[in-house]
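Q: Only the shape, not the letters, is given here:
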């Protein structure tokens, strides 16, 4: 290993100092970038409305809050994020075909958020739902990533 | 100009960039097509027009789009200024890419020019990053969704992807912080870095005794001033004319103001990334975004360091055989790429056939094999039938890769419409 023999003590110390200084700079820069983007998050839940308002087997858009509230046939609620799991475009619900379509790369999802057509590989993110006093509350700050849909993600009144 | 003192001053000043005398073959236009010089001039034009644009542009969600509209409608020659910056930026990507191809195919990246090839690749990266960060600044629908798509691509890099994507955006989605940091990268850090790297790039050309020539036994030298200088002036004026004309005829695009609630249909990445977006329609993102680009970049970095290549430095395509192999490779790549794109679009739906199989197999490995196996077979045939040496095989591989990327870029940008369907 000729390149190891070439490293003298002096050179080692020089390079170590250089490395540490560069790492320090990179660290400071990365911290700076992280700090710059932090936005004050509005706390609290979004009040979607009364449970009785939502018909079974229908999908309701809340586009300003960037989610769809999907009430399944058995009465369970799913709040699906509009953010396509492929590359982050906003999916749209197509009443006619009963599926969510992404305009960017033609991914499709069913009303439970499961992938119907690639290139998306994960089901749509779900937002946590709390049902209290007959009203549906959706936590829009905390989308939950999931690879597949399962029944435990559904909330019942 | 004909005053002897002026002549002397010009010659002296030129010595900062060029040697006093240059090889006659080196200044023939078809040796370099002036691409490096054009790129440098475009950088200067971008610098000047960018400085002027900064006086009007407001880097905030509220102000960005309105400031662009104000520029276009109220400022005297504002639209022309923006168009010039736009066209110079687009042309810089194209010219840098052509420059890269020129030095590769004329075998000008080996031996003492190795290091400069690496600096050139770095510059290419910086050019693309500059263009991409500038893409967001108008804050229209085109900009917003293109950057959303691109930054989300980063999140497919294993382990660090999500963290990296949030770091670039400064949040979970493109927001005001993203705009501000892209603005500072675009107008501060990246141009500054480029000035440094460009200086090294030019200096290394001088150190390698100028550009490569086809026949190094011919050493007839001519005076740089006026022989080379006049050619440079003609090319520069031609470029300026072309930029001005296209800026007068075609406006830089500006769609509606960015709306995070609604993606336009179709939403496309900037055109030079459309090859990637097209690739993503056929390939699992983990492979299409991470593994394939990583391998291609590694290959490009490694090429001049491969041992035992028989290189005819400065000779286009190395030999007549190399030229033939390059042409065959391009034809092959055109054929196979145009075959596979509709093939996986309409017929080979691996995921629909085996919905239970892991998606990394059905949308990842199978399409990749579909591309790699015929490619390997083609390379093997070239090697055996044409008795190609290592360098010619490398040229073949690079030609296939570049042609495929270009075809995907063209198909993605021109043939895909609503819902990203072909011919929609």
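A: Structure's in. What do you need? What you are looking at is a predicted structure, and each value in this text was computed from that prediction instead of being measured. Numbers count the residues shown, from 1 in each chain, chains lettered A, B, ... in the order given.
Q: three-state assignment of residue B:22?
A: Going by DSSP: H, G, I helix; E, B strand; the rest coil, the secondary structure assigned to residue B:22 is strand.
Q: Compute the number of surrounding residues for it.
A: 19 (other CB atoms under 10 Å in any protein chain shown). Quick note: C-beta positions are derived from backbone N, CA and C, even for glycine.
Q: Show me what it is bridged to.
A: Listed beta-bridge partners, residue B:22: residue B:222 (assigned using DSSP bridges).
Q: Show me what from chain A comes close to chain B.
A: A:30, A:33-34, A:36-39, A:63-64, A:66, A:82-83, A:86-90, A:101-106, A:118-119, A:121 (CB under 8 Å from any CB of the partner chain).
Q: and the chain, what are its domains?
A: In the absence of a named chain, this looks at chain A. Under automatic domain parsing, the residue ranges defining each domain of chain A are A:2-37, A:45-153.
Q: That was the other one, I meant chain B.
A: Described in terms of automatic domain parsing, the domain architecture of chain B consists of the residue ranges B:11-264, B:279-424.
Q: Any chance of a markdown table for these, columns mean pLDDT and distance to residue A:11?
A: As requested, these are arranged in a markdown table below (pLDDT from 0 to 100; distance: least, CB to CB, whole Å):
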| stretch | mean pLDDT | distance to residue A:11 |
| --- | --- | --- |
| domain B:11-264 | 90 | 21 |
| domain B:279-424 | 87 | 23 |
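Q: Please give me every residue in contact with residue 85.
A: Because you didn't say which chain, this covers chain A. Taking CB atoms under 8 Å, 6 or more residues apart in numbering or on different chains as the contact definition, residue A:85 lies against A:107, A:120, A:121, A:122, A:123, A:124, A:125, A:145.
Q: Hmm, no, I was thinking of chain B.
A: Residues in contact with residue B:85, defined by CB under 8 Å, 6+ apart, are B:46, B:49, B:50, B:53, B:252.
Q: Then the last one would be within a strand, right?
A: No: under the criterion used here (three-state DSSP), residue B:252 is coil, not part of a strand.
Q: That one - nearest residue in space that isn't next to it in sequence?
A: Counting by CB to CB, 6 or more residues apart in numbering or on different chains, residue B:252 lies nearest to residue B:86, which is 3.6 Å off, once chain neighbours are set aside.
Q: And what about that neighbour, helix, strand or coil?
A: The local conformation at residue B:86, judged by three-state DSSP, is helix.
Q: gap between the lengthiest helix in chain A and the chain center?
A: Looking across chain A with DSSP state H, the single longest helix is helix A:9-37. For helix A:9-37, the distance from its own C-alpha centre to the chain's C-alpha centre is 32 Å (CA atoms, centre = their mean, to the nearest Å).
Q: quick one: the strands in chain A?
A: Listed from the start of the chain, chain A has strands (DSSP state E) covering A:46-50, A:58-62, A:67-71, A:77-81, A:92-94, A:99-101, A:108-109, A:115-117, A:126-127, A:129-132, A:135-138.
Q: and the last one, what other elements does it pack with?
A: Strand A:135-138 sits against strand A:46-50, strand A:67-71, strand A:129-132, with contacts defined as 3 or more CB pairs under 8 Å, 6 or more residues apart in numbering or on different chains; DSSP states H and E.
Q: Name the residues of the last one that are buried.
A: Spelled out, that is strand A:129-132. Judged by neighbour count using 16 or more other CB atoms under 10 Å in any protein chain shown, the buried positions of strand A:129-132 are residue A:129.
Q: Pull the residues that contact that strand.
A: Applying CB under 8 Å, 6+ apart, the set of residues contacting strand A:129-132 from outside is A:45, A:51, A:77, A:78, A:79, A:136, A:137, A:138, A:139, A:155, A:156, A:157.
Q: before we move on, back to that, what's around the residue nearest to residue B:252, how many residues?
A: The number of residues packed around residue B:86, counting by other CB under 10 Å, is 21.
Q: ok, now residue B:278?
A: Around residue B:278 there are 28 other residues, counting by other CB under 10 Å.
Q: can you pull the contacts of it?
A: Under the criterion of CB under 8 Å, 6+ apart, the neighbours of residue B:278 are B:341, B:408, B:409, B:411, B:412, B:416.
Q: Could you rerun that using 10 Å?
A: With contacts taken as CB atoms under 10 Å, 6 or more residues apart in numbering or on different chains, residue B:278 has the following neighbours: A:105, B:268-269, B:288, B:337, B:341, B:404-405, B:407-413, B:415-416, B:420.
Q: Wait, residue B:227 touches residue B:24, no?
A: Yes: in terms of CB atoms under 10 Å, residue B:227 counts as a neighbour of residue B:24; the distance is 8.0 Å.
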